[in-house]
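[1] Have a look; sequence and predicted model below, questions after that.
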Amino acid sequence: MHHLTPDNIIEYGKKKLYETHAQCHFPAIFNFGDSNSDTGGLSAAFGQAGPPHGITFPGSPAGRYCDGRLVIDFIAENFGLPYLSPFLDSVGSNFSHGANFATAGSPIRAVNTTFRRTGYSPFSLDVQAVQFSNFHNRSQIVRSRGGIYTTMLPEANSFSKALYTIDIGQNDLTAGYFAKKTVKEIGTTDVPELISQFKTAVTNIYKEGGRYFWIHNTGPIGCLAYVIEWFPLHESDFDAHGCASPLNHLAQQFNDGLSQAVTELRASLSEAAITYVDVYSIKYELFAHAQEHGFSKSLVSCCGYGGKYNYNRKTGCGKKIIVDGKEVLIGKSCDEPDKAIVWDGIHLTQAANKIIFGKIAAGLSMACHKQ
């Protein structure tokens, strides 16, 4: 049984599995999720995330809501695979080593609104699972034509040997708040339904041949400016590190349900190896001990404009205005993104993502083994 936390992941990986099992390698990665792992899906659907996104890597916008690489990019690098092409991107994509179905703003449960109105993606987890099913079937039909298609689409046996990564849930929790629900309401009514739909999606991917699952829990949303600035909070709601405790407790409630769901999925999906990865604890530890990790900014955004956290939801990272007939960028990047944990009030920087990856990397070598 794999439940990986910052305290046990390296110890467990090195001393136990490394001694008894060969290290895992995957020929492909299929990813599902939201902006934490979107490598260009939303940009393909609704327009490119412009500068200064991508300022650290690759030096220009690359479809990521970040200054550089995401955790999923470091995972791909770890296995010597190319960065994942977004399923929705028809230009320059190569799916021979997997595909990314994640889009920024994606929830587990479909939100009854539009992206332009609220920022929530129409590509909820159930839709992403359907997209994967269609991709699985159609890719093999097209690949059978031979020629260039054999270099652009995965081999048939890649689907059963691939790693299936999932990182989603944050948007569902904030959607409840934006709908003016209380923490209690979200925890008692929304979370159980979210967990149920999550289990259904994983089961459907399993039916399509998925066997190795790498599931991230959700992070400490109470440490993110877009949540702190939006919701009415009292001074007593903040912990010693400046994070909003009620919101973090909600994230932990979701994670408790997700952990239980993983346990149940292990029992019902007999051939699956499922790893539950506690990124919540890793991320919170970054905020709690920012300076020890080399960060001068903990809650303050690197890219943004104004306010206590350098965040304004109407004037976000990359925002431009017209001054004297000229376009002026006001949602600018800070001078040293590598000194900040938070990129834009919502997402983390490449520097933070790299540390998170470093904490979970050892577990990737055992993700193909059942215990």
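    Perfect, I can see it now. Residues are numbered from 1 along each chain as shown.
[2] what does stretch 296-305 rub up against?
    Stretch 296-305 has contacts (C-beta atoms under 8 Å, 6 or more residues apart in numbering) with 52, 67, 223, 225, 228, 241-243, 286-287, 290, 308-312, 315-319, 330-334, 336-337, 339-345, 349. From N, CA and C alone the C-beta is placed, and that goes for glycine too.
[3] again, only this time at 7 Å
    52, 67, 223, 225, 242, 287, 290, 309-312, 315-317, 319, 330-334, 337, 339-345, 349 (C-beta atoms under 7 Å, 6 or more residues apart in numbering).
[4] okay, now residue 183: neighbour count?
    Close neighbours of residue 183, defined as other C-beta atoms under 10 Å, add up to 16.
[5] Tell me if I'm right that it and residue 248 touch.
    No - in this structure, residue 183 is not within contact of residue 248 by C-beta atoms under 7 Å, at 10.5 Å.
[6] Report the buried members of the contacts of stretch 296-305.
    52, 67, 223, 225, 242, 287, 290, 309-312, 315-317, 319, 331-334, 337, 340-345, 349 (16 or more other C-beta atoms under 10 Å).
[7] Okay, and which of the contacts of stretch 296-305 map to helices?
    225, 287 (DSSP state H).
[8] Residue 49 versus the residue nearest to residue 128 when sequence neighbours are not counted, what's the distance?
    Nearest residue to residue 128, sequence neighbours excluded (C-beta to C-beta, 6 or more residues apart in numbering): residue 101, at 4.0 Å. According to C-beta to C-beta, to the nearest Å, residue 101 and residue 49 sit 18 Å apart.
[9] Now do the contacts for the nearest residue to residue 279 once chain neighbours are set aside.
    Setting aside the residues directly before and after it, residue 279 is nearest to residue 216 in space (C-beta to C-beta, 6+ apart), at 4.8 Å. Residues in contact with residue 216 (C-beta under 7 Å, 6+ apart) are 166-167, 277, 279.
[10] how about a cut-off of 6 Å?
    167, 277, 279 (C-beta atoms under 6 Å, 6 or more residues apart in numbering).
[11] can you give me phi and psi for it?
    Main-chain torsions, residue 216, degrees, to the nearest 10: phi -90, psi 140.
[12] How about it: which residues does it bridge to?
    residue 167, residue 277 (DSSP bridges).
[13] so how far is residue 102 from it?
    Applying C-beta to C-beta to residue 216 and residue 102 gives a distance of 11 Å.
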